[in-house]
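Undergrad: Provided below are the primary sequence and the corresponding predicted coordinates.
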Amino acid sequence: MFKQNVTMNLSTLLLGCSCPLPTEIADIPNVACRKEMGQLQRYFFVREGQVIWDSATPANNVPASIASEVIEDETGWDTLFAASDSTKVVKTPLIGGDPQIEAGAPITFGGGDNSTLNAETIFIGRNPSTFTGRFDTLDATQIAAMRALECESLEVYFVNNCDEIIACKEQGSDLITGFKISNFQLGTKGNTGGLTARDANQVSFELAANYDECVHFVTPNGWSPLAKV
């Protein structure tokens with residue numbers, strides 16, 4: 001019993017868990033219809049904190065220019081695409097290929113040696129998840145515009161092969177945003193295939209360690225985010 005309490009206290013300290021713990025552990029919901037993120041084919045970028053959709057009370061949306069708009073409709077997005085201030089949302093070209101999110105590895109301390117009590121491995125947290133992908137045949141103007149994003153604090157909305165917008169909606173909240181990202185970078189154009197392959201630029205950025213706890217699927221109402229020009 002003593003060893004169990006020590007382990008629990010360390011986890012509470014290191015992981016930011018509730019202290020004291022709840023009276024009972026939470027039920028794991030039964031979900032009848034599960035969703036896959038699919039192939040992530042396009043990205044909408046916006047400055048962090050500048051756009052917030054309130055799914056319960058759209059009148060409270062941020063910025064005021066999209067007040068009363070719903071995230072499923074095209075009109076609110078058109079306003080953000082056309083904005084000339086910090087609320088502007090920018091669309092990338094369609095991805096060339098190889099989009100993937102590499103799960104963040106666990107961060108641990110000790111284990112199998114004398115550095116921890118009973119030689120136990122202590123779970124401290126998770127590393128960020130890394131997104132990587134490839135854009136093909138980008139024009140020089142597109143490359144320069146995307147590289148300018150390297151200086152920004154950004155959020156991203158993904159658009160998948162089902163033409164769904166994948167956003168972040170925290171558990172128990174009505175607010176929807178993009179996923180906060182860091183370390184956005186667009187690599188230099190590669191020409192390794194000559195006549196047998198397209199020129200390519202690799203793109204990468206990091207998602208917060210627990211980004212998957214707020215994954216939310218938005219089905220557009222009568223418009224295609226993939227086809228948007």
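TA: Ah, there it is.
Undergrad: so what's the residue nearest the centre of the chain up against?
TA: In the chain, the centroid-proximal residue (C-alpha atoms, centre = their mean) is F179; its distance is 3.6 Å. Residues in contact with F179 (C-beta atoms under 8 Å, 6 or more residues apart in numbering) are 155-158, 167-168, 207-208, 211, 214. The C-beta positions use only the backbone N, C-alpha and C, and glycine is treated the same way.
Undergrad: and which of those residues is nearest Y43?
TA: When the contacts of F179 are ranked by distance to Y43 (C-beta to C-beta), V156 comes first, at 5.3 Å.
Undergrad: what does the pLDDT read for N5?
TA: Looking at N5, its pLDDT reads 46.
Undergrad: go on, L21?
TA: pLDDT, the model's per-residue confidence, is 87 for L21.
Undergrad: could you measure from the residue nearest to the centre of the chain over to Y43?
TA: Distance, F179 to Y43, by C-beta to C-beta, to the nearest Å: 10 Å.
Undergrad: overlap in contacts, these two.
TA: Jointly contacting F179 and Y43 under the rule C-beta under 8 Å, 6+ apart are 156-158.
Undergrad: now pLDDT, secondary structure and neighbour count too, for the residues you listed, in JSON lines please.
TA: Output for those, formatted as JSON lines (pLDDT from 0 to 100; DSSP: H, G, I helix; E, B strand; the rest coil; neighbours: other C-beta atoms under 10 Å):
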{"residue": "V156", "pLDDT": "98", "secondary structure": "strand", "neighbour count": "22"}
{"residue": "Y157", "pLDDT": "98", "secondary structure": "strand", "neighbour count": "24"}
{"residue": "F158", "pLDDT": "98", "secondary structure": "strand", "neighbour count": "24"}
